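Novice: compute the structure for the input listed below.
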Amino acid sequence: MPMPSIAKRLLKPAVFTLCLAPALWMGALAFTGGLGANPIEALTRGMGDWALRFLLVGLALTPLKGITGWGWPVRVRRMIGLFAFFYAALHLSSYVVLDQFFDWSAIWKDIIKRPYITVGMATFIALIPLAATSTNAMVRRLGGRRWKMLHRLVYAAGIGGVFHFFMLVKADLREPMIYAVVLAALLGWRIVTIVRKNAATERAI
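Specialist: All right, here's what the predicted structure looks like:
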């Protein structure tokens, strides 16, 4: 069923507002002293949590369209992906600025010595080309096929983000396990889709 025109006009502003809300909420908590005894850790952790959530939501939109036939998930998929990068950048900035005070020597030592920071940094680097090539102009410049191949990095970023969370958590693994199960289901859907597509192509030949 086609989406009403008013819903189409309101969709992106509504999604944008919802995506921005966690950052505004955490900013308000930081301003009012509501982040607990260790506000820097709470802020860094919170931004990282939302980065991973938006990354998984972005990965879920294509399966959602395939299962339901709805068109709106594709309309907001790029925005969700950019918000995943936005929260990942805030997560990294909180660590660099508030935790390490731009001590690049200490940051480099952390990247080398702490595996969860190594994986986290690699995951953020994987997100950079995805954000940089998110515009229509970049799609045209790269060509649809190369653009799609490049944006498969999002799956590596998803895996890296979940592993980063697993290595960060020292005791209660229930939350990272939930993310891992969700990611496994999304990757499984992607694999099944590729297998079916290849099988249909072979039958057509």
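Novice: and the strands in the chain?
Specialist: In the chain, no segments count as strands under DSSP state E.
Novice: which residue, other than its chain neighbours, is closest to the residue most central in space within the chain?
Specialist: Residue closest to the average C-alpha location in the chain (C-alpha atoms, centre = their mean): residue 55, at 2.1 Å. Nearest in space to residue 55, with sequence neighbours left out and distances taken as C-beta to C-beta, 6 or more residues apart in numbering, is residue 84 at 4.2 Å. The C-beta positions use only the backbone N, C-alpha and C, and glycine is treated the same way.
Novice: close enough to count as contact, that neighbour and residue 49?
Specialist: No: counting by C-beta atoms under 8 Å, no contact exists between residue 84 and residue 49, whose distance comes to 11.6 Å.
Novice: for residue 135, what are phi and psi?
Specialist: As for residue 135, its main-chain torsions (degrees, to the nearest 10) stand at phi -80, psi 160.
Novice: sorry, back to before: and residue 84 and residue 49? which has more neighbours close in?
Specialist: residue 84 (28 against 17; other C-beta atoms under 10 Å).
Novice: may I see the buried residues of stretch 148-166?
Specialist: If you call a residue buried by 16 or more other C-beta atoms under 10 Å, then stretch 148-166 has these buried ones: 151, 153-154, 157-166.
Novice: now stretch 49-61
Specialist: Residues of stretch 49-61 classed as buried by neighbour count (16+ other C-beta under 10 Å): 49-61.
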